[in-house]
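S.K.: sequence plus the predicted model coming up.
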Amino acid sequence: MKKTMITLTTLASLSALGTNHADAAAHGNGNAVSTSAVTTSYAYTTTAPTASYTATAPALSNTVTNNTASNQFASSPAVRTMDQTVVAKKAVATASVYNNIAALANSMAASRTYVYGGNTATQVDCSSFAQQVLAALGKSVPRTTYAQMAAGTPVSAPQPGDLVFFNGGSHVGVYIGGGQMVDALNPAEGVGQRPVSYVSGSITGYYRY
């Protein structure tokens, strides 16, 4: 704020002095005129406008979102890797079981001979041998070939451990893969591994348990 003072001086009055005044000789012989000064003061106040500025800074908001893998990707790439690992382990385990079926069936055949109606640890016929091998694999099947066929599920793509039946169910062998089986065939040819095609007649079907 700035203040400005302006002072104006004017002559307010004039007065005439008489000739008999004591000091007249000192001032001259004519009428003297005196002036009285009157001072008038005027005050002006100037107010400068106040400028107001408001600056508002934009608010910055940083939000960090932690994306978790739900793992739906998993679903995610980490879930897929784990699934692939599990599948791979399962495949290895399955292959191992298949190989063990062949080894197991041949091992059991080596200690047994064929006897019609036999069902012991040393004497077997075709159906009792099949029953004993599947029991060693943790599967329970009936004693006779016809009951075994009735209890199983027919399959078109045989796997090791399935049973293969011939001539309407008159004979059975344990399929071990690659077109091979282990069976108790007869007293002359005994118990052992042979091609599925070795048996005379026709294949009735493969059954899974």
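M.R.: That came through, no problem.

S.K.: can you name every helix or strand that the helix or strand containing V164 contacts?
M.R.: Using DSSP states H and E, V164 falls within strand 163-166. Using 3 or more C-beta pairs under 8 Å, 6 or more residues apart in numbering; DSSP states H and E as the contact test, the elements touching strand 163-166 are helix 145-151, strand 171-177, strand 203-208. In short, each C-beta sits where N, CA and C put it, glycine included.

S.K.: what does that strand rub up against?
M.R.: Residues external to strand 163-166 that are found in contact with it (C-beta atoms under 8 Å, 6 or more residues apart in numbering): 130, 134, 141, 145, 148-149, 152, 158, 171-175, 181, 196, 199, 201-207, 209.

S.K.: so where do the strands sit in the chain?
M.R.: Taking DSSP state E to define them, one finds strands in the chain at 2-16, 33-46, 113-114, 123-124, 153-155, 163-166, 171-177, 180-186, 190-195, 203-208.

S.K.: quick one: list the elements packing against the third one.
M.R.: When contacts are defined as 3+ C-beta pairs under 8 Å, 6+ apart, strand 113-114 packs onto strand 123-124, strand 180-186, strand 190-195.

S.K.: look up how far P158 lies from the residue lying closest to Y207 once chain neighbours are set aside.
M.R.: Computed as C-beta to C-beta, 6 or more residues apart in numbering, the closest residue to Y207 that is not its neighbour in sequence is G152, at 3.0 Å. For G152, the distance to P158 equals 11 Å [C-beta to C-beta, to the nearest Å].

S.K.: got it, and L137?
M.R.: Applying C-beta to C-beta, the value for L137 to P158 is 15 Å.

S.K.: next one: I176
M.R.: 10 Å.

S.K.: now swap in V196 and tell me
M.R.: Taking C-beta to C-beta as the measure, V196 falls 9 Å from P158.

S.K.: shared neighbours of those two, which are they?
M.R.: Any residue near both V196 and P158 by C-beta under 8 Å, 6+ apart counts here, and that gives V164, Y175.
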